[in-house]
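Novice: next one to model:
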Amino acid sequence: MSQPYLSVKDIEPLINVRLLNAALLRTKERPGHLPGIVGCFGPPGWGKTCAATLIANTHDCAHIELKSYWNRKTFFEALCLELGIQLKRATIGAMGQAISQHLGRTRQPLIIDEVDIAISKGFIDDIRAIFEDSRTVVIIIGEETLPQDLLRWERFHSRVLEWVPAEPPALVDTTALVKRFCRDGITIADDLVTELHTKSGKSVRRICVNIERVQEFARENGIDVVDLAIWNAQSEKTFYTGDVSRVSSAPQPPRRRR
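Specialist: Sure, this is the predicted structure:
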């Protein structure tokens with residue numbers, strides 16, 4: 001796995017990092033007769049993928065994010081690539097066996113993001129089979145309906161040891177992200193951090209975008225510290241909220257008369 005650009009220690013206050021990290025540690029220490037799948041679920045933008053990436057880097061987990069254009073074979077090929085398993089012209093059965101043997105031998109945890117795709121495309125039970133054969137910790141991450149969506153796959157659902165509902169970012173999360181991503185000696189004052197948090201609307205992605213917007217403004221104006229008064233005094237810059245109604249439309253060319 002590549003050298004991590006972040007670790008759990010870097011942004012430890014992030015709530016979803018703490019929750020997922022604790023669930024992984026508890027599941028690794030479970031008695032051998034208990035199931036070992038962890039399910040993390042929540043709305044888009046709440047930082048589930050960010051948490052998964054940090055956990056994967058910190059605990060040397062195998063980590064793949066399913067793509068909408070993948071099928072069952074593509075999933076197995078991608079997992080073999082992530083684990084460094086080299087097989088030529090292998091069948092799905094051969095790849096599955098090699099993956100399970102590798103994970104069973106190394107006890108490397110496996111994180112599968114966007115697992116909703118495996119459910120919709122009908123290869124979710126292959127993930128259960130990998131867990132059964134390897135008995136390593138498997139973390140699945142999906143949307144807020146993930147627990148309900150898995151109910152029709154009872155053999156899988158019953159093997160989830162722990163459900164981790166993702167939490168929306170709190171002010172302490174935004175503060176931690178500001179400290180981590182502010183560069184070039186730029187400081188965002190506490191009152192502006194609070195405003196940034198409110199305007200970002202429970203989205204880690206938007207928080208990160210808005211941190212960069214403030215820094216861009218500071219660099220353009222040669223300012224080291226940006227507070228709420230300075231930010232409100234300028235009219236060119238606004239926080240990204242996702243509200244497209246506030247985005248001005250580009251002028252349209254005049255229509256030709258027929």
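
Novice: could you point out the longest helix in this structure?
Specialist: helix 204-221 (DSSP state H).

Novice: tell me what that one is packed against?
Specialist: If you count contacts as 3 or more Cβ pairs under 8 Å, 6 or more residues apart in numbering; DSSP states H and E, helix 204-221 packs onto helix 171-181, strand 187-188, helix 190-199, strand 225-226. For the C-beta atoms, the positions are set from N, CA and C on the backbone; glycine is no exception.

Novice: what do you get if the cut-off is 10 Å, keeping everything else the same?
Specialist: helix 48-59, helix 171-181, strand 187-188, helix 190-199, strand 225-226, helix 228-233 (3 or more Cβ pairs under 10 Å, 6 or more residues apart in numbering; DSSP states H and E).

Novice: average pLDDT across that helix?
Specialist: Throughout helix 204-221, pLDDT has a mean value of 94.

Novice: for this structure, which residue occupies the most central location?
Specialist: residue 49 (0.4 Å; Cα atoms, centre = their mean).

Novice: and residue 185, how many neighbours does it have?
Specialist: Neighbour count of residue 185, defined by other Cβ atoms under 10 Å: 8.

Novice: quick check: chain neighbours aside, which residue is closest to it?
Specialist: Excluding its sequence neighbours, the residue lying closest to residue 185 (Cβ to Cβ, 6 or more residues apart in numbering) is residue 224, at 5.9 Å.

Novice: contacts only, for the one you found.
Specialist: 184, 185, 186, 187, 218 (Cβ atoms under 10 Å, 6 or more residues apart in numbering).

Novice: tell me the backbone dihedrals of the first one, please.
Specialist: So the one you mean is residue 184. With angles defined as degrees, to the nearest 10, residue 184 sits at phi 60, psi 30.

Novice: same check, this time on the third one
Specialist: Torsion angles at residue 186 (phi, psi; degrees, to the nearest 10) stand at phi -90, psi 140.

Novice: gap between the spatially closest residue to it that is not a sequence neighbour and residue 121?
Specialist: Nearest residue to residue 186 in three dimensions, chain neighbours excluded: residue 218, at 4.7 Å (Cβ to Cβ, 6+ apart). In this view, residue 218 and residue 121 are 46 Å apart by Cβ to Cβ, to the nearest Å.

Novice: those two: who's more crowded?
Specialist: residue 218 (21 against 15).

Novice: mind listing what the more buried one touches?
Specialist: 182, 184, 185, 186, 187, 188, 224, 225, 226, 230, 231.

Novice: number of nearby residues for residue 238?
Specialist: The local packing of residue 238 (other Cβ under 10 Å) involves 14 other residues.

Novice: I'd say it and residue 196 touch.
Specialist: No - using Cβ atoms under 10 Å, residue 238 is not in contact with residue 196; the gap is 11.4 Å.

Novice: domain map for the protein?
Specialist: 15-165, 171-240 (automatic domain parsing).

Novice: which stretch in these has the least confidence?
Specialist: domain 171-240 (a mean of 93).

Novice: what about it, start to end distance?
Specialist: Terminal residues of domain 171-240 lie 17 Å apart, using Cα to Cα, to the nearest Å.

Novice: check stretch 68-88 too.
Specialist: 25 Å.

Novice: now do the buried residues in that stretch.
Specialist: Residues 70, 75, 76, 77, 79, 80, 82, 83, 85 are the ones in stretch 68-88 that count as buried (16 or more other Cβ atoms under 10 Å).

Novice: okay, and the common contacts of residue 238 and residue 196?
Specialist: What both residue 238 and residue 196 touch, as defined by Cβ under 10 Å, 6+ apart, is the set 210, 213, 231.

Novice: out of the residues you listed, which is nearest to residue 201?
Specialist: Residue 201 has its nearest neighbour among these in residue 210, at 10.2 Å by Cβ to Cβ.

Novice: tally of neighbours for the closest one?
Specialist: A count of nearby residues for residue 210, using other Cβ under 10 Å, gives 26.

Novice: swap in residue 36?
Specialist: Residue 36: 21 neighbours (other Cβ under 10 Å).
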